[in-house]
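1. take a look and give me a structure for this.
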Amino acid sequence: MGNTKTKTITKQEVETKTTKPVEKVESKQPAKVNLKEKLSGSQYFWYIFLCIITFSIFYFVIKSKVNKANQKDFSRDAEPTSDTTKQLKRSVKVPFAIEELIEALGGQDNILTVEASLSSTKIGVKEKDKINQEAIKKLGAKGIMISGLKVSMVFGDISIAIKEALDKKLGY
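-> The predicted structure is shown next:
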């Protein structure tokens, strides 16, 4: 038969034959460049100088805009302009006899509470059936709403004057 040679391989020889040498992989990230080293002395000086000038201009422009906005919108010491005084004015004279309103609300005994805001007067009543809505509208109410035992009447800027007159007449 044929003469075959067999060679025994040790474990160390197998490991050395199968391992590959490690290759160096270069990173693709650029190395950090120091700005001082990249620019010459006079270029570095001008770069820093221009940065300072740019940020100074930016700072003063923003500061002046903020100051102007604060003076315009948020001034607390400013005198009211003629527009705001007209808006805040309210009438102090009721253009109708307050007794007519009391009768339209069902009489003095039907009125429990009187409240007012800048544009409406709210009256608490005992019985809502005694309220004459048509008579209240003839007195100048722009709107009337009855909810439960509360009557809300929109009279505009005379609402507070109506409340004061009702309080005075009813003795509240």
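2. can you pull out the helices in this structure?
-> Counting by DSSP state H, the chain has helices at residues 11-18, 35-38, 41-73, 82-88, 98-104, 133-138, 159-170.
3. closest one to residue 110 among those helices?
-> Each of these has some distance to residue 110 by Cβ to Cβ; the shortest is helix 98-104, at 8.7 Å. Placement of C-beta: from N, CA and C, glycine included.
4. pull out the buried positions in that closest one.
-> 98, 101, 102, 104 (16 or more other Cβ atoms under 10 Å).
5. ok, now stretch 107-127?
-> For stretch 107-127, burial by neighbour count (16+ other Cβ under 10 Å) applies to 110, 111, 114, 116, 119, 120, 121, 122, 123, 125.
6. kindly state the beta-bridge partners for the last one.
-> According to DSSP bridges, the residues that bridge with residue 125 are residue 111.
7. contacting residues around it?
-> 105, 106, 110, 111, 112, 131, 149, 150, 151 (Cβ atoms under 8 Å, 6 or more residues apart in numbering).
8. then the first one?
-> For residue 110, the contacting residues are 125, 126, 127, 130, 131, by Cβ under 8 Å, 6+ apart.
9. contacting residues around stretch 148-157?
-> 89-91, 105, 112, 118-126, 128, 131, 136, 140-146, 159, 162.
10. could you measure from residue 136 over to residue 105?
-> 8 Å (Cβ to Cβ, to the nearest Å).
11. on that earlier part again, farthest-separated two in the contacts of residue 110?
-> 126 and 131 (10.7 Å).
12. please consider this matter closed, and thank you.
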